[in-house]
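>>> just coords:
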């Protein structure tokens, strides 16, 4: 210990003695031709000796900039660049405390487009119209970094534990590679599996459909798209990775990805298998392979690829997956993109659920234990064709086919106790189901532009055909105790056919009033959904030893149609700083139900509702924006809610529809404010969203003395649900090798829920407040520490005397560390502490610690890893939540402690002579 303290002391003396130079460089950038200030010009400082980028910023709306920082090098070079202008450079010599005022700097227009490319490739950040572009080589990451690691280093971008990406608080819903999808639209497939070394630029824009990009319409202000560009010389060759691992408790994993890029042609293969709750092809052997892309997916569940869901259920999931993606441009104006995914999974789960019901006239309790096992097989194929007839005519076709088969076994035991904890009824069941679903969907978009003022005609047609067949077995027994004791035993077999045929269409004609600024859109929407359901249930007949007794009470045979027509007009105004849109129309809806078993339940209902929406987007000074949206949404009752048929499948909860229900109406509002200050490296965003509900469809339940419930539905007014949050972050550069990214945020919500119990209106009001704070300290390539703390307060009040005020508090602490000492050895730790003091019957507190050691071999082309999952063996997923009439505690199967030894090898023949240049920019 004394030797260690001595070494630390010597290290501190050496660090303190190192000569450092603080600097503050200011100036104003303008155009030489018209003397107007230039906004969003990029200013960056490089070391003369090795061209390492030390600091950067962009100019504000007045052309002003301020570049601050610290350097251990005295001689620097300043660069200023802007699209369409000559590059400016100046040698700078720093003193111990340097304040350099450059005054006014005039940039000369440059007509040579080639020079523009040179400027773009050198600046760390380039702003061009509505696109923000980052130069990848200017941002330092750890070795073997993937795209997700890179994005975490870019200003204004946050990536959470599940891989969800936000840009200044706005979610990223698409990640493209050279402008094309990569394994569908799921961003995590790209960010977790492609390495940083092949990427040249990261471009960020508002999300747009192919048609919106073609017509020049404004994109989706609430979602962002990231496009990853690859250098031309690095866009030809093979690259990929293979990972295998085996561990204790018979845990294993294996995954491979092989990619072939040849300019516009791209082909990739993936395959994987594991039993550690992971999709099977996230190649973060340091961290991501702990399950689903996150070290914390410990309870299992399904996962998604390109918007498709695989697996199913909670517990321990064993999965297999394979697939390919193909993209090509056969000739100018004809692009194709195709994806195929096969997956197979098995999940096992044991769960417990305890509920305390609080009704206006009584209290009672339920305890439930369930055991389930399911097998899933999925085939998903989709393709996209872009046919550009000419510069004014675009056709986009997106067919998709899905096949799913699922087999499930489950056992459920439930007991109900009155307020004195006396057993009132008991229900147990054993169920088996075998299902098969086939689905085909096709989307066709046709867009024709007229003239140069922004006029166009657009037609979008989407049709879907789905067939679903299922065979179900049910063995159950319900026992009612007390004065009227009874026992009901069921032994049944069902065959179910559920078919759907739907079409949705939208026609839009844009009329320009002011060229490329003010438009009127005439719109017409038509949709028709036809569903046919046949559910035939038979009771077991002991006399002939077969399921031959048709049970009409548990059977159905109906056709249900939902037909909607919506004419509307919208006014759109677009400018550089200000955009506003208003749409108004009428929704004509018809619901038809033909019941072939119970003709007296046939119905035909028509509804006419107002369609209204408005949105406002305003660009603030200094890289900020405000977005406001208000809309009125109308949702019809479902067939189960509106059909006056009594569902007795669950004998302890009988459900009957209400044919007099009205559509529910929601007044929705969303406000978002975000701002990023490039000068001070600070980012801020805040949002609030909510619904005010009229004619909300709620449960109306009556419960008898045996705690058997009978439920129907009613319309009520006055319910609401609002939520919001804010986040502030700031990046500090302590010196040329040390940086801190600090974050503080808060999330909140308040809601009013209404239900009817025994003819009494039950109202609950909930308020939640969740502040959080954290930071990330990075020292060179040696050390990274990232702690984060969150505390959640929830308060629920009720309008009846039985329910009491409920206050819940939960704590969460997460600490991540990374060290690279020696250089080839990487050690990562992920520690989480959770404390739920209000949970009853389950563990309230738990530490969860994962750790990984990875050693690079074969010139960093391979690595050997040792992973420890749940080192302290305390993993739990006990949860408590409150609803309008009950409090619930739950717990289910989680992945238990294991240790795994793994090997990973990567190959790369991209670039000249199969090599990719390495950049070591100190940022």
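Received it, and whenever you're ready, just let me know what you need. Keep in mind the model is a prediction, meaning the values are calculated, not measured.
>>> Not counting sequence-adjacent ones, nearest residue to residue 382?
Taking CB to CB, 6 or more residues apart in numbering, and ignoring the residues beside it in sequence, residue 382 has residue 400 as its nearest neighbour in space, at 3.9 Å. Backbone N, C-alpha and C define where each C-beta goes, glycine included.
>>> And that neighbour, how close does it get to residue 207?
19 Å (CB to CB, to the nearest Å).
>>> Ok, residue 815 next?
Distance, residue 815 to residue 207, by CB to CB: 34 Å.
>>> So which of those two has more stuff around it?
residue 207 (19 against 16; other CB atoms under 10 Å).
>>> quick one: that one from residue 443, how far?
Remark: distance between residue 207 and residue 443 (CB to CB) = 17 Å.
>>> Kindly report the same for residue 838.
Separation of residue 838 from residue 443 (CB to CB) stands at 47 Å.
>>> re the thing from before, name the strands paired with whichever strand or helix holds the residue nearest to residue 382 and say parallel or antiparallel.
Residue 400 is part of strand 393-418, with elements assigned from DSSP states H and E. When sheet partners are counted by DSSP bridges, strand 393-418 sits next to strand 362-390 (antiparallel), strand 423-450 (antiparallel).
>>> Next, count neighbours for residue 819.
Residue 819, neighbours per other CB under 10 Å, totals 14.
>>> Spit out the contact partners of the nearest residue to residue 342 once chain neighbours are set aside.
If you skip the residues right next to it in sequence, residue 342 has residue 322 as its closest partner in space, 5.0 Å away by CB to CB, 6+ apart. Contact analysis of residue 322 by CB atoms under 8 Å, 6 or more residues apart in numbering lists 269-272, 341-343.
>>> and those, which two are the farthest apart?
Distance extremes for the contacts of residue 322: the farthest pair is 269 and 343 at 14.5 Å, using CB to CB.
>>> Centre of the protein to the edge, which residue is at the far end?
When distances are taken from the C-alpha mean of the chain, residue 543 lies farthest, 55.2 Å away, according to CA atoms, centre = their mean.
>>> do you know how far that one is from residue 494?
Residue 543 sits 20 Å away from residue 494, taking CB to CB as the criterion.
>>> now swap in residue 258 and tell me
Residue 258 sits 45 Å away from residue 494, taking CB to CB as the criterion.
>>> Tell me which of those two has more neighbours.
With neighbours defined as other CB under 10 Å, residue 258 and residue 494 compare such that residue 494 has more, 19 against 16.
>>> Quick check: beta-bridge partners of that one?
According to DSSP bridges, beta-bridge pairing links residue 494 with residue 472, residue 537.
>>> how about it, what does it touch?
Under the criterion of CB under 8 Å, 6+ apart, the neighbours of residue 494 are 470-474, 535-538, 554-555.
>>> Also residue 809?
Contact analysis of residue 809 by CB under 8 Å, 6+ apart lists 791-794, 837-838.
>>> doesn't it fall inside a strand?
Yes - checked against DSSP: H, G, I helix; E, B strand; the rest coil, residue 809 lies within a strand.
>>> Which strand residues bridge it?
When bridges are assigned using DSSP bridges, the partners listed for residue 809 are residue 793.
>>> any idea how far residue 322 is from it?
As it turns out, when the distance is counted by CB to CB, residue 809 lies 46 Å from residue 322.
>>> Next: residue 255.
In this view, residue 255 and residue 322 are 10 Å apart by CB to CB.
>>> and for these two, which residues touch both?
270-272.
>>> Looking at the residues you listed, which one is closest to residue 79?
Distances from these to residue 79 were compared by CB to CB; the smallest belongs to residue 270, at 40.8 Å.
>>> and that closest one, which of the three is it?
Residue 270, by the three-state scheme (three-state DSSP), is strand.
>>> Tell me where this structure has helices.
When assigned using DSSP state H, the helices of the chain occupy the ranges 2-17, 113-122, 147-153, 187-193, 210-215, 639-642.
>>> Please give the number of neighbouring residues around residue 636.
Count around residue 636 with other CB under 10 Å applied: 21.
>>> swap in residue 560?
Applying other CB under 10 Å, we find 20 residues neighbouring residue 560.
>>> Could you do residue 698 as well?
A count of nearby residues for residue 698, using other CB under 10 Å, gives 19.
>>> next one: residue 472
When neighbours are defined as other CB under 10 Å, residue 472 has 17 of them.
>>> Wait, it touches residue 429, no?
No - when contacts are counted by CB atoms under 8 Å, residue 472 is not listed as touching residue 429 (11.7 Å).
>>> low pLDDT regions in this protein?
Counting by pLDDT under 70, the ranges of the chain that qualify are 1-19, 111-122, 185, 279-314, 622, 736, 801-805, 839-843, 884, 911-923.
>>> which one is residue 259 nearest to, not counting chain neighbours?
Closest to residue 259 by CB to CB, 6+ apart is residue 268, at 4.5 Å.
>>> Identify the bridge partners of the residue nearest to residue 342.
Residues in a beta bridge with residue 322, per DSSP bridges, are residue 271, residue 342.
>>> and it, how far is that from residue 269?
The separation that residue 322 has from residue 269, given CB to CB, amounts to 8 Å.
>>> same check, this time on residue 739
Distance check for residue 739 against residue 269: by CB to CB, it reads 38 Å.
>>> same question, residue 27
When CB to CB is applied, the distance between residue 27 and residue 269 equals 52 Å.
>>> Look at the two and report which has more neighbours.
Remark: of residue 27 and residue 269, residue 27 carries more neighbours, 21 against 15, as counted by other CB under 10 Å.
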